[in-house]
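Participant: Fold the following, please.
(one chain, ligands or ions: 1)
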Amino acid sequence: MKKHSNIPIFVPELACPHQCVFCDQEKISGTHLIPQPTDVSTIVERYLETMPENRIINIAFFGGSFTGLPVDLQEQYLKEAFRFVKSGRVSGIRLSTRPDYINKEVLHLLKKYCVTTIELGVQSTNSEVLNKSGRGHTFEDIRNASTLICNYDFELGLQMMIGLPGDSYKKSIQTANDIVSLGADSTRIYPAIVVKGTALERLYHEGKYTPLTLEQAVEWTKDLVHIFEKNDVSIIRIGLHPSEELVIGKSLIAGPFHASLKEIVMSKIWEEIIDTELQCINSRASNKIKITVSNRQIHYAVGYRQTNKEQLKSRGYNVRFEPNPSFTKYQLNIG
Ligand code: SF4
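Facilitator: Residues are numbered from 1 along each chain as shown. As a prediction, the model looks like this:
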């Protein structure tokens, strides 16, 4: 299977009229150099030069609500990107936007320029969470937009956040189940964090908001991963990109940010799989075990920073892990 690569073009909606509690609008409009439509071709060419061959390449307009831009500006960006699709150098165009910025006219325009995938920032399908987070749209908006996008035959991506004000484990599970029912092809899972300069920072300092702990975020996300995998919704990303700002702590006030969140979640999933299997073969005489898993999963099975391996050792097992290229994703053999 060919791997996918995106050429990201960051196009924030300046002067966004919304007030999502987790968003630092000032930063969005202040510190990023916003590419103009005429810059698209230079950006794409630069990426294409360094991209490995044999990949499915998409131009991705991210960073804001693309369909909230003035229509003529949207069209200028799309025209530039479409030239690369027409010449066959790029497979398609994807973009992210808000659920309440989707209607038939918008979708007609996106179809005209061969946009393939539309990702909606859903965050939650729970009304209380949406209200308390200042999203300014309803579950009905999410449902209507998703239905339209599917009817127009676009690929649908629905992103969710966990741990927003008013959220709970149960509500996040419901959001994941709704994302499945709404027909999403893909999703992204972002734990809410408190970023400097946001309304969430104020709520946090006033004691009105408590972010999830890293352990909670891992536990919740693990169960969301099960739901999405069971229903063939591909998980494009878990956790925020570790931007310099977040990693060195300039903007991060509090919350479950971790540069390797996906690895930790996958390690937890494997910890449970291995534990269950060990319980089934509990009567073995020797504590010397060899755990065989697929090549692609072995680092998760061993665990982030070898946590699973170390934990097994601390329980008295003399454990060795071995990769097997013919194993399926969660296949395992303990011998
Ligand atoms: S996250 Fe919310 S406030 Fe921030 S740019 Fe997007 S819609 Fe606007």
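Participant: so residue 251 makes contact with residue 196?
Facilitator: Yes. In terms of Cβ atoms under 8 Å, residue 251 counts as a neighbour of residue 196; the distance is 4.7 Å. Heads up, the C-betas are built off the backbone N, CA and C, glycines and all.
Participant: any common contacting residues for the two?
Facilitator: residue 24 (Cβ atoms under 8 Å, 6 or more residues apart in numbering).
Participant: Next up, the contacts around residue 72.
Facilitator: Counting by Cβ under 8 Å, 6+ apart, residue 72 makes contact with nothing.
Participant: Which of the helices or strands spans it?
Facilitator: For residue 72, the element it lies in under DSSP states H and E is helix 71-86.
Participant: now that helix: how far from the chain's centre is it?
Facilitator: Computed by Cα atoms, centre = their mean, to the nearest Å, the chain-centroid distance of helix 71-86 equals 25 Å.
Participant: can you pull the buried residues of that helix?
Facilitator: The neighbour-count check on helix 71-86 (16 or more other Cβ atoms under 10 Å) flags 74, 75, 76, 77, 78, 80, 81, 82, 84, 85 as buried.
Participant: Pull the most distant pair out of these.
Facilitator: Greatest spatial distance in the buried residues of helix 71-86: 74 and 84, 16.8 Å, computed using Cβ to Cβ.
Participant: C-terminal to the helix-or-strand element of the chain with minimal mean pLDDT, which secondary structure element comes first?
Facilitator: Ranked by mean pLDDT, DSSP states H and E, the helix or strand of the chain with the weakest confidence is helix 25-31, at a mean of 60. For helix 25-31, the following helix or strand on the C-terminal side (DSSP H and E) is helix 40-50.
Participant: could you give the angle of that following helix to helix 71-86?
Facilitator: 30 degrees (axes from the mean of the first three to the mean of the last three Cα atoms, to 10 degrees).
Participant: Now tell me what touches helix 40-50 from outside.
Facilitator: For helix 40-50, the surrounding residues in contact (Cβ under 8 Å, 6+ apart) are 7, 9, 35, 57, 59, 77, 80, 81, 83, 84, 89, 90.
Participant: okay, residue 251 and residue 196: which has more neighbours?
Facilitator: A side-by-side neighbour count of residue 251 and residue 196, using other Cβ atoms under 10 Å, places residue 251 first with 20 against 15.
Participant: domains of this structure?
Facilitator: Partitioning the chain according to automatic domain parsing yields domains covering residues 3-258, 266-334.
Participant: Would the first one count as contacting the ligand?
Facilitator: Yes. Domain 3-258 comes into contact with the ligand when judged by Cβ under 6 Å from any ligand atom, the residues involved being 13, 16, 18, 19, 20, 23, 25, 28, 64, 65, 98.
Participant: Please verify my assumption that the last one contacts residue 122.
Facilitator: No. The pair residue 98 / residue 122 is not scored as a contact, 9.4 Å apart, by Cβ under 8 Å.
Participant: Tell me which of the two has more neighbours.
Facilitator: residue 122 (28 against 25).
Participant: quick revisit: sort out which one of the buried residues of helix 71-86 lies nearest residue 330 for me.
Facilitator: Of all the buried residues of helix 71-86, residue 330 sits closest to residue 85, with 36.1 Å by Cβ to Cβ.
Participant: With the ligand as the reference, measure out to the closest residue to that closest one other than its chain neighbours.
Facilitator: Spatial nearest neighbour of residue 85, chain neighbours left out: residue 114 (5.1 Å); criterion: Cβ to Cβ, 6 or more residues apart in numbering. According to Cβ to the nearest ligand atom, to the nearest Å, residue 114 and the ligand sit 25 Å apart.
Participant: With residue 276 instead?
Facilitator: Taking Cβ to the nearest ligand atom, one finds residue 276 at 39 Å from the ligand.
Participant: Which strand residues bridge residue 55?
Facilitator: Note on residue 55: beta-bridge partners by DSSP bridges are residue 3.
Participant: Quick one, grab the pLDDT at it.
Facilitator: Residue 55 is assigned 89 on the pLDDT scale.
Participant: Let me see the contact set for it.
Facilitator: Under the criterion of Cβ under 8 Å, 6+ apart, the contact list for residue 55 reads 2, 3, 4, 5.
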